[in-house]
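Q: I would like the atomic coordinates for the input below:
(chains A and B)
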There are 2 protein chains.
Amino acid sequence: MRIALDAMGTDHAPRPEVAGAIQALQESAADAEIILVGDEGLICAELATYDDVPTGIRVHHAPDRVSPEDSPASVIRRKPNSSIAVGLKLHKAGEADAFVSAGSTGAVMAASLFTLRPLPGVDRPPVGALLPTAGELCLLVDAGANIGCKSHHLVQFAHLGSVYARDAMGYTNPRVGLLNIGEEPSKGSVLTVETYQALLGEDGINFIGNVEGRDIVQGECDVIVCDGFVGNILLKFYESVAEHIVGLLRDEIREAKDQKLDLDHVFRVLDYAEYGGAPLLGLGGVSIICHGSSPPKAIRNALAIAARAVRAGLVQHSVEDLKS
Amino acid sequence: MRIALDAMGTDHAPRPEVAGAIQALQESAADAEIILVGDEGLICAELATYDDVPTGIRVHHAPDRVSPEDSPASVIRRKPNSSIAVGLKLHKAGEADAFVSAGSTGAVMAASLFTLRPLPGVDRPPVGALLPTAGELCLLVDAGANIGCKSHHLVQFAHLGSVYARDAMGYTNPRVGLLNIGEEPSKGSVLTVETYQALLGEDGINFIGNVEGRDIVQGECDVIVCDGFVGNILLKFYESVAEHIVGLLRDEIREAKDQKLDLDHVFRVLDYAEYGGAPLLGLGGVSIICHGSSPPKAIRNALAIAARAVRAGLVQHSVEDLKS
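A: From the prediction side, this is the model:
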């Protein structure tokens, strides 16, 4: 087993790459040879800071580096000696069994597509993303490679996601859900209605039906299939929400020091009851919808925002704004 | 100012409604008369549990109640004496200036649309939702009423959202963002590319351009415009993520009791570095992309998952699966 690792990808390359590769070999996380691809001088200088470099580490020189200014589509042509292009060529030539990179997502995707080519039966190779849930990790496919998919693309994503969940994530019979805005087969867009029916009749897919935004974090399925537009928005949103909340927690912990931790602030930020319901817009009146699980505070706040909207003249302002 | 409040909407109606109404009047959150609409007997029994009921409370009898089994579209016709239908009729007739309900979202939307009617120039009235961010609240429009929008619908949403942000949320010049998968005008779907250009030329909209999933929680804009499909998925996802994280925190706090709180578990669940990068699927090889900000642990884990995929025979299995 040999893995080509782009050593020039991260913001602090090659330090995290070298450290990660050494950890992987030391912990047998990958009982592999790891080929660090990139600027030989920089990589060797970094390796020299370790007392003990595992025997499985190799270095393969690639003088060029892909920068954010490079057009993703032209990396292979314009930077054939970049760590991304060279690493993928090693994989293609069978000198490495896999390629890992923390470089520009667009560049790695375009170069991988060009070098490794789609498998037979794959029209639009998708990108997967792993989402933490209350249960196990969930694989989101497509996380942003393909916008404007048809149902047969989503069916391919379901197959590819199921195989990846089995082979790379260790799930025996991965449950596949279709991301949608309701459970019923008739819910959602033309795409989701068609895809639902197509997945129902598809062999080799453990299709459990539609899943909603709220089902994801509950861990209700192992593979979520969707168009890359909504997948990408969801992924970036989740990452940033997680970061935001961790940030809030760290702030509270730092401020609390040895005193009792006050998490009220964190809870308040996350507490929907603080906010005032969902307004219906564009109607000849003010109508506000609260959750069925609303506590008194949520009702109180919805009443307050309704009063504010009425007092300000929402409906009249809407009419005037649309006229102008 | 008189607000009609559906007293039969929440899961524990009319208790939270009565409590919320009393709080609103006591705190002058709404310096209003609040008309509790619903089963007079139940509402009065609940009011009787209070020593001191504010003078602004009124009760308006509506004997019927909308149940989850009722088709949302037929509430007005089939349950004209339901709290939703009666409350909206009070608003329509000018006996109330607004209507608030925690009843079935679909039923309240359909009944509001039927009773209050769209304003001139509004083709598809959207529903707004308030998202907590690192800054102020952000209004998401449309949060699920309209699937398959055209760009002129999204432009209307931008207008309606801006007016609501000013009148109900108190923003002076609300920044409007178009939800998309990249900043550049050319990014995204046909819908987002067209809408971007339409919003650029639109008077009365403070359009700040495309916003990505990660920008939302940062509070980069005050109104986010999108199709109801992605809006609904995003909204339900956010609510459930927030609930999930609050749940994790409460568990840790309960277990910790007076001991030092160990938040490592919570951080771990939210820590992307724990997981192993984004796989490209459907290619003739294994290619895994990590974040540019990856620490060594993330690189290590991506290497481990790549090794596992290779060892299991991911590419071969994908070929076989797509053939069958």
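
Q: would you list every one of the helices in the stretch 151-300 of chain A?
A: Using DSSP state H, counting those that start in this stretch, the helices of the stretch 151-300 of chain A run over residues A:151-167, A:190-200, A:213-218, A:228-256, A:264-270, A:296-312.

Q: worst average pLDDT in the ones you listed?
A: In terms of average pLDDT, helix A:264-270 trails the rest of the helices of the stretch 151-300 of chain A, at a mean of 67.

Q: and the contacts of stretch A:135-144?
A: Contact partners of stretch A:135-144, identified using C-beta atoms under 8 Å, 6 or more residues apart in numbering or on different chains, comprise A:105, A:124, A:126-131, A:149, A:157-158, A:160-161, A:164-165, A:169, A:171, A:174, A:216, A:218-219, A:221-229, A:231-232, A:234-235, B:181, B:275, B:278, B:281. Every C-beta, even on glycine, is put in place using the N, C-alpha and C of the backbone.

Q: now stretch A:312-324
A: Residues from elsewhere that reach stretch A:312-324 (C-beta under 8 Å, 6+ apart): A:281-286, B:119-122, B:156, B:159-160, B:162-164, B:166-168, B:203-204.

Q: out of the helices of the stretch 151-300 of chain A, which gets nearest to A:Glu69?
A: helix A:228-256 (21.7 Å; C-beta to C-beta).

Q: what's the closest one packed up against?
A: strand A:128-131, strand A:138-141, strand A:175-179, helix A:264-270, helix B:213-218, helix B:228-256, helix B:264-270 (3 or more C-beta pairs under 8 Å, 6 or more residues apart in numbering or on different chains; DSSP states H and E).

Q: just the closest residue of the stretch 201-324 of chain A to chain B, please.
A: A:Ile299 (2.6 Å; C-beta to the nearest C-beta).

Q: correct me, but that residue touches B:Pro14?
A: No - with contacts defined as C-beta atoms under 8 Å, A:Ile299 does not count as touching B:Pro14, sitting 10.2 Å away.

Q: roughly how far does A:Leu90 sit from A:Asn146?
A: Look at A:Leu90 and A:Asn146: by C-beta to C-beta, to the nearest Å, they are 27 Å apart.

Q: meant to ask about A:Glu239, not that
A: For A:Glu239 relative to A:Asn146 (C-beta to C-beta), the value is 20 Å.

Q: name the residue in the two with the higher neighbour count.
A: More crowded of A:Glu239 and A:Asn146, by other C-beta atoms under 10 Å in any protein chain shown: A:Asn146, with 22 against 18.

Q: I'd guessed that one sits against A:Val225; true?
A: No - the pair A:Asn146 and A:Val225 fails to qualify as a contact (C-beta under 8 Å) at a distance of 11.6 Å.

Q: more crowded one of A:Ile299 and B:Pro14?
A: A:Ile299 (33 against 26).

Q: how far is stretch A:183-203 from where the chain is centred?
A: Here the centre of stretch A:183-203 is set off from its chain's centre by 23 Å, with C-alpha atoms, centre = their mean, to the nearest Å.

Q: hmm, that stretch in reach of chain B?
A: Yes - between stretch A:183-203 and chain B, judged by C-beta under 8 Å from any C-beta of the partner chain, the touching residues are A:Gly188, A:Ser189, A:Val190, A:Asp203.

Q: show me those that map onto strands.
A: Among the residues of stretch A:183-203 next to chain B, no member is found in strands (DSSP state E).

Q: show me the contacts for A:Leu199.
A: By C-beta under 8 Å, 6+ apart, the contact set of A:Leu199 is A:Leu154, A:Val155, A:Ala158, A:Val176, A:Leu178, A:Ile205, A:Phe207, A:Val225.

Q: where does chain A have its least confident helix or strand?
A: For chain A, counting by mean pLDDT, DSSP states H and E, helix A:264-270 ranks last in confidence among helices and strands (a mean of 67).

Q: ok so, going back, of the contacts of stretch A:312-324, just the buried ones, ChimeraX syntax please.
A: Buried residues among the contacts of stretch A:312-324 (16 or more other C-beta atoms under 10 Å in any protein chain shown), as a ChimeraX selection:
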select /A:281,282,283,284,285,286 /B:119,122,156,159,160,162,163,164,166,167,168
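
Q: any weak-confidence spans in chain A?
A: The model of chain A has pLDDT under 70 over residues A:29-31, A:257-274.

Q: ok, the most centrally placed residue in it to A:Gly282 distance?
A: Centroid-nearest residue in chain A, with C-alpha atoms, centre = their mean: A:Leu235, separated by 3.7 Å. With the distance defined as C-beta to C-beta, A:Leu235 ends up 31 Å from A:Gly282.

Q: for A:Ile299, same thing?
A: A:Ile299 is 24 Å from A:Gly282, by C-beta to C-beta.

Q: rewinding a little: which of the residues of stretch A:183-203 next to chain B sit farthest apart?
A: Of all pairs in these, the most separated under C-beta to C-beta is A:Ser189 and A:Asp203 at 25.0 Å.

Q: and A:His291, how far is that from B:Val141?
A: 18 Å.

Q: so for these two, which sits in the more crowded spot?
A: Neighbours per residue (other C-beta under 10 Å) separate A:His291 from B:Val141, with B:Val141 holding more: 31 against 19.

Q: which residues does A:His61 form a beta bridge with?
A: A:Gly38 (DSSP bridges).

Q: so it makes contact with A:Cys44?
A: No - using C-beta under 8 Å, A:His61 makes no contact with A:Cys44, being 9.7 Å away.

Q: helices of the stretch 1-150 of chain A, start to end?
A: A:15-26, A:40-47, A:75-78, A:83-92, A:105-116.

Q: can you tell if the second one touches chain B?
A: The one in question is helix A:40-47. No - taking C-beta under 8 Å from any C-beta as the criterion, helix A:40-47 and chain B are apart, separated by no less than 11.6 Å.
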